[in-house]
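Asker: below are the sequence and a predicted model; questions follow.
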Amino acid sequence: MENSSPASNRCSYEDYEATADWLRSKTAQRPKVAIICGSGLGGLAELLHNKVVFPYKDIPLFPQTTVMGHQGQLVFGTLEGQQCVCMQGRFHTYEGYDLKQVTYPVRVFSLLGVKTLILTNASGGLNSSYKVGDIMLIKDQINLPGLVGNNPLCGPNEDRFGERFLCMSDAYDPDLIALAQQTAEEQGIEEFMQKGVYCMVSGPTYESVTEGRALRTLGADTVGMSTALEVVVARHCGLRVLGFSLITNMVVTEYDSKQRANHAEVLETTRMRTQVLEGLVTKIVAKIRREVVPLLWSSGKTSRPLSPNRTTQSDYGTHFGLRRDVVPLLWSYRKTSRPLAPNRTTQSDYGTHFGLRRDVVPLLWSYRKTSRPLAPNRTIQSD
Ligand SMILES: O=P(O)(O)O[C@@H]1C[C@H](O)[C@@H](CO)O1
Ligand SMILES: Nc1nc2[nH]cnc2c(=O)[nH]1
């Protein structure tokens, strides 16, 4: 198969499948987490174990990266025991790619079985309390190209990925943000952690002074040239999203300033913070792994308690209505080999049984797809 990028009006479902099938045929790894590395931040991929590396030029229908600081390879491997796929380099519209090409990998990841997408980017700081080198947890975004008609979901909707009209008010997963904040505290890096709003512009120009001021007035804390489109498509596929924006420079917002934005400075700052960000993402991935049980719960189609004789892998699968490939994961994350006792019907019963930490149990509840109570008298989360 050709490895030239799909043309804008081609990115059909069959194209995404063809790329995913090709990757599946080349590696047995089945990642649950995908990481898209921003400018100068691709070092994270080096931390993966049992790496399987695919240069973009070898992957059928994959675009090629043209930007310095974006290596251009897809790396499969294990981080803290969690199978991951890492993009060392992303695609931007300013490179000449259209919206479907920029977001092409995200749909491929979804077909590969990825459930969580972590994105990093380099950005200019707009919030005057931010400093160069700060890491902002993205709580929301302004998809400026999208607001004026350049949304990757424009065109016929592909129902096999998601619905026509997509809610974006919950784009960045609050539980993952909480997990990231907790992890940053544990790492002792709260001092340069921020939480705020990322605004995407098309680039490749950096902002004029008035543009910078206007974006700040709009409510943006940082501005960059990526991420928002990938997040739209990820949410359309139902992926959970976590984003980090490294402030590599402050956007010039004073007319008499002598500061000048440039890509060399952007890459220089990423070098200063790359290890911190890598450490943070690594620890978060480890925690997401421990969170897998709650996620599995979310696939549960039943609120019935497990019956006492449910002791084997397939018993669990059947009970929760889980996909076959998910069941072995559930099994491997159990901390106990005891079967559930007959009277285990509540949230905390399940938490206790699986040996989950207390803070994870509410998550378990929130990921359930059913709103039916577990037992007739169990109606609220703390129940
Ligand atoms: O891919 P990201 O968003 O990290 O890259 C940023 C935006 C431009 O590509 C480049 C500008 O310096 O860095
Ligand atoms: N648009 C934009 N993108 C960036 N990426 C890194 N720094 C900047 C910046 O100042 N502006």
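Answerer: Sure, I can see it. Numbering: from 1, shown residues only. Ligands and ions are numbered 1, 2, ... in the order given.
Asker: can I get stretch 179-199 in CSV, CA atoms only?
Answerer: Output in CSV follows, covering the C-alpha atoms of stretch 179-199 (Å, rounded to 0.1, in the frame of the first residue of the first chain):
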residue,chain,number,x,y,z
LEU,A,179,-5.1,12.9,38.8
ALA,A,180,-2.5,15.2,37.2
GLN,A,181,-2.8,17.8,39.9
GLN,A,182,-2.4,15.2,42.6
THR,A,183,0.6,13.7,40.8
ALA,A,184,2.2,17.1,40.4
GLU,A,185,1.9,17.7,44.1
GLU,A,186,3.5,14.3,44.8
GLN,A,187,6.3,15.2,42.5
GLY,A,188,6.8,18.6,44.3
ILE,A,189,6.3,20.6,41.1
GLU,A,190,3.2,22.6,42.0
GLU,A,191,5.3,25.7,42.0
PHE,A,192,5.4,25.8,38.2
MET,A,193,2.1,24.1,37.5
GLN,A,194,-0.8,26.2,36.2
LYS,A,195,-4.3,25.3,35.1
GLY,A,196,-5.9,27.3,32.3
VAL,A,197,-7.3,27.7,28.8
TYR,A,198,-5.3,26.9,25.6
CYS,A,199,-6.2,28.8,22.4
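Asker: buried residues in it?
Answerer: Neighbour counts over stretch 179-199 (16 or more other Cβ atoms under 10 Å) mark 179-180, 183-184, 189, 192-199 as buried. Every C-beta, even on glycine, is put in place using the N, C-alpha and C of the backbone.
Asker: over to stretch 19-28?
Answerer: Buried residues in stretch 19-28, counted by 16+ other Cβ under 10 Å: T19, A20, D21, W22, L23, T27.
Asker: I'd like the average pLDDT over that stretch.
Answerer: Averaged across stretch 19-28, pLDDT comes to 96.
Asker: give me the distance between it and the centre of its chain.
Answerer: For stretch 19-28, the separation from the chain centroid amounts to 21 Å (computed by Cα atoms, centre = their mean, to the nearest Å).
Asker: contacts for it, please.
Answerer: 1, 52, 54, 59-62, 74, 76, 104, 108, 111-112 (Cβ atoms under 8 Å, 6 or more residues apart in numbering).
Asker: just the buried residues of those.
Answerer: In the contacts of stretch 19-28, burial by neighbour count holds for F54, I59, P60, L61, F62, L74, F76, Y104, V108, L111, L112, counting by 16+ other Cβ under 10 Å.
Asker: coming back round to it: want to throw the buried residues of stretch 19-28 into TSV with distance to L239?
Answerer: Shown next, in TSV, are the buried residues of stretch 19-28 (distance: Cβ to Cβ, whole Å):
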residue	distance to L239
T19	17
A20	14
D21	20
W22	21
L23	17
T27	20
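Asker: for G146, state which of these is nearest.
Answerer: Distance to G146, by Cβ to Cβ, is smallest for T19 among the buried residues of stretch 19-28, at 24.2 Å.
Asker: confirm that closest one sits in a helix?
Answerer: Yes - under DSSP: H, G, I helix; E, B strand; the rest coil, T19 falls within a helix.
Asker: and the gap between it and V102?
Answerer: 15 Å (Cβ to Cβ, to the nearest Å).
Asker: what's the answer for F109, then?
Answerer: On the measure of Cβ to Cβ, F109 and V102 end up 14 Å apart.
Asker: between the two, which is the more surrounded one?
Answerer: F109 (29 against 21; other Cβ atoms under 10 Å).
Asker: touching, that one and V85? I think so.
Answerer: Yes - F109 lies in contact with V85 (Cβ atoms under 8 Å); the separation is 6.5 Å.
Asker: what average pLDDT does the host helix or strand of L277 get?
Answerer: Using DSSP states H and E, L277 sits in helix 263-290. Averaging pLDDT along helix 263-290 yields 88.
Asker: how about stretch 186-196?
Answerer: The average of the pLDDT scores along stretch 186-196 is 94.
Asker: and if you look at stretch 150-161?
Answerer: Stretch 150-161 shows a mean pLDDT of 94.
Asker: ok, which stretches of this structure are helices?
Answerer: Taking DSSP state H as the criterion, the chain contains helices spanning 13-26, 99-102, 104-112, 144-147, 174-187, 209-218, 228-236, 263-290, 292-298, 313-320, 327-333, 347-354, 361-366.
Asker: relative to ligand 2, which of the ones you listed is closest?
Answerer: Taking Cβ to the nearest ligand atom, helix 263-290 is the member of the helices of the chain nearest to ligand 2, at 4.6 Å.
Asker: which elements pack onto that closest one?
Answerer: Counting contacts by 3 or more Cβ pairs under 8 Å, 6 or more residues apart in numbering; DSSP states H and E, helix 263-290 packs against strand 33-37, strand 73-79, strand 82-88, strand 116-125, strand 135-143, helix 174-187, strand 240-250.
Asker: and S39, how far is that from T248?
Answerer: Relative to T248, S39 is positioned 8 Å away (Cβ to Cβ).
Asker: what about those two, which has more around it?
Answerer: Neighbours per residue, other Cβ under 10 Å: of S39 and T248, the larger number sits with T248, 30 against 26.
Asker: got the contact list for the residue nearest to L41 when sequence neighbours are not counted?
Answerer: Nearest non-adjacent residue to L41, counting by Cβ to Cβ, 6 or more residues apart in numbering: T120, 4.8 Å away. Contact analysis of T120 by Cβ under 8 Å, 6+ apart lists I35, I36, C37, G38, L41, L44, G243, F244, S245, L246, L277, V281.
Asker: who wins for neighbours among those residues?
Answerer: S245 leads the contacts of T120 on contacts (other Cβ under 10 Å) with 31 neighbours.
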